[in-house]
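S.K.: Could you look at this predicted model? Sequence included:
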Amino acid sequence: MSLRVLVTGAAGQDGAYLCRDLLAAGREVHAGLRPGWSDDSLWRLRELGLLGQPRLHLLALDVCDAAACSAAVEQLRPQLLFHLAAVSSVAQALADPLAAVASNGEGTLHLLEALRRYAPDAHFVLASSGEIFVPRHGVVDESCALQARHPYALSKLLAHAAVRCYRDSYGLHASAAILFNHESPLRGAAFVTRKIAAAAARRAAGDTSVLQLGNLDARRDFGYAPDYVAGLRALAALEQPDDLVFASGLSASVRAFATAAYAAAGIVLEWHGRGRDECALDRDGRRCIAVDATLLRPADAPVLRGDATRARRKLGLASSVDLAGLARLLVDAERRRLGSAAA
């Protein structure tokens, strides 16, 4: 009999890739979606060709609703539960911190409690975040101290602590994947990497609009989403649950990612100025990128890099795409979308 798997946040970047891989492995997948989802919100599942597959079951599930979580788990009795549903960006959480805490923190508690009551033998994996740790010399591993510098980190810190609590107090097989930035062609339009890739594709198509960005010096550990999704499945399969950092171990600035993305679109950038006056010009001296002070965050870690030594050893986590390759994947996807829209 096929394993029953519940994936919350199934319409998101990681959720869509996870559903694809689980279906390919012969699993019965229940894709948790926000109630009242629209056809447009399923675009990732559609791009991956998953809609209509007989073993993919779309399920309306509001993780903020404790009763709904209990009912879903009681009915499905999943063997695996991947909790990916979340307010997924620092900017979103800054705009509505209570919604972030309700979705990311309390939603995790609702699901863990439902498992405790109705499926205590299930394996649970949380998509946690590197944002909740205090870097040591610019690097985060599992031993670093916990801290919430902004509402997003606060919401994820509550979720992460809940996993540890239910594992220690009730013996649940509950693990946390401490995810650093991971990108793909399925990245949401609000994320800076997607914004950069889309702007580069438009510029290559003749658009002269100037892309506005925030902190160009912010450095992030950019991984490839399908690599991390493979790691999520490996984490769920461990005999003993664990909390592990998922990261490439390399950091790059927003400026470096933008340079790589525009290069993938055939545009060589030249950077001029400093701070809020910095901008990027193409070879003809036309402005491509400028700094918008309103996009600067009040509490933004300048360097964030993960040490995934334990995940590489225990899960076989590996990086299959470097920064230039990642930028090219995103830009190529945006150019295809532009071509489809023009057709």
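M.R.: That came through fine.

S.K.: First-to-last residue distance for stretch 138-147?
M.R.: Chord length of stretch 138-147, first to last residue, is 14 Å (Cα to Cα, to the nearest Å).

S.K.: Would you mind splitting the protein into its domains for me?
M.R.: The chain breaks down into these domains under automatic domain parsing: 4-183+222-246, 192-220+252-303+321-342.

S.K.: for stretch 27-39, what is the average pLDDT?
M.R.: Regarding stretch 27-39, the rounded mean pLDDT is 95.

S.K.: mind listing what's buried in that stretch?
M.R.: Burial within stretch 27-39, assessed by neighbour count using 16 or more other Cβ atoms under 10 Å, is assigned to Arg27, Glu28, Val29, His30, Ala31, Gly32, Leu33, Arg34. C-betas here are computed from N, CA, C, even on glycine.

S.K.: Now the fourth one, what are its backbone angles?
M.R.: Geometry field for His30 lists phi and psi as phi -100, psi 110, criterion degrees, to the nearest 10.

S.K.: and stretch 26-34, how far out from the chain's middle?
M.R.: Centroid displacement of stretch 26-34 relative to its chain, using Cα atoms, centre = their mean, to the nearest Å, is 18 Å.

S.K.: which SSE is Ile196 in?
M.R.: Assessed by DSSP states H and E, Ile196 sits inside helix 192-204.

S.K.: quick one: buried residues of whatever helix or strand comes next after that helix?
M.R.: The helix or strand immediately downstream of helix 192-204 is strand 211-213, counting by DSSP H and E. For strand 211-213, burial by neighbour count (16+ other Cβ under 10 Å) applies to Leu211, Leu213.

S.K.: what lines up beside strand 211-213 in the sheet?
M.R.: strand 287-291 (parallel) (DSSP bridges).

S.K.: Could you export the buried residues of stretch 27-39 to TSV, including columns for distance to Ile178 and secondary structure?
M.R.: Formatted as TSV, the entries for the buried residues of stretch 27-39 read as follows, by distance: Cβ to Cβ, whole Å; DSSP: H, G, I helix; E, B strand; the rest coil:
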residue	distance to Ile178	secondary structure
Arg27	24	coil
Glu28	28	strand
Val29	24	strand
His30	25	strand
Ala31	24	strand
Gly32	22	strand
Leu33	25	strand
Arg34	25	coil
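
S.K.: list the buried ones in the helix or strand Arg336 falls within?
M.R.: Of the helices and strands defined by DSSP H and E, Arg336 is found in helix 323-342. Of the residues in helix 323-342, those buried under the neighbour-count criterion (16+ other Cβ under 10 Å) are Leu323, Leu326, Ala327, Arg328, Leu329, Leu330, Val331, Ala333, Glu334, Arg335, Leu338.

S.K.: And the closest residue to Asp227 other than its chain neighbours, how close does it get to Val229?
M.R.: Of all residues not flanking Asp227 in the chain, Ser320 sits nearest, at 5.5 Å (Cβ to Cβ, 6 or more residues apart in numbering). Summarising the geometry, the distance separating Ser320 from Val229, computed by Cβ to Cβ, to the nearest Å, is 12 Å.

S.K.: Please apply the same query to Pro241.
M.R.: Counting by Cβ to Cβ, the gap from Pro241 to Val229 is 18 Å.

S.K.: Could you check which of those two is surrounded by more residues?
M.R.: Neighbour comparison, Pro241 and Val229: the larger count goes to Val229, with 26 against 20 (by other Cβ atoms under 10 Å).

S.K.: Angles on the backbone of that one, please.
M.R.: Reported as degrees, to the nearest 10, the phi and psi values for Val229 are phi -60, psi -40.

S.K.: any chance of the buried residues of helix 323-342 in a markdown table, with distance to Asn181 and pLDDT too?
M.R.: Formatted as a markdown table, those follow (distance: Cβ to Cβ, whole Å; pLDDT from 0 to 100):
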| residue | distance to Asn181 | pLDDT |
| --- | --- | --- |
| Leu323 | 11 | 96 |
| Leu326 | 10 | 97 |
| Ala327 | 13 | 98 |
| Arg328 | 17 | 98 |
| Leu329 | 15 | 98 |
| Leu330 | 13 | 98 |
| Val331 | 17 | 98 |
| Ala333 | 17 | 96 |
| Glu334 | 18 | 97 |
| Arg335 | 22 | 96 |
| Leu338 | 24 | 92 |
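
S.K.: is it possible to export these to JSON lines including distance to Asp96?
M.R.: Listed next are the buried residues of helix 323-342 as JSON lines, based on distance: Cβ to Cβ, whole Å:
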{"residue": "Leu323", "distance to Asp96": "32"}
{"residue": "Leu326", "distance to Asp96": "29"}
{"residue": "Ala327", "distance to Asp96": "30"}
{"residue": "Arg328", "distance to Asp96": "34"}
{"residue": "Leu329", "distance to Asp96": "31"}
{"residue": "Leu330", "distance to Asp96": "27"}
{"residue": "Val331", "distance to Asp96": "31"}
{"residue": "Ala333", "distance to Asp96": "29"}
{"residue": "Glu334", "distance to Asp96": "28"}
{"residue": "Arg335", "distance to Asp96": "33"}
{"residue": "Leu338", "distance to Asp96": "31"}
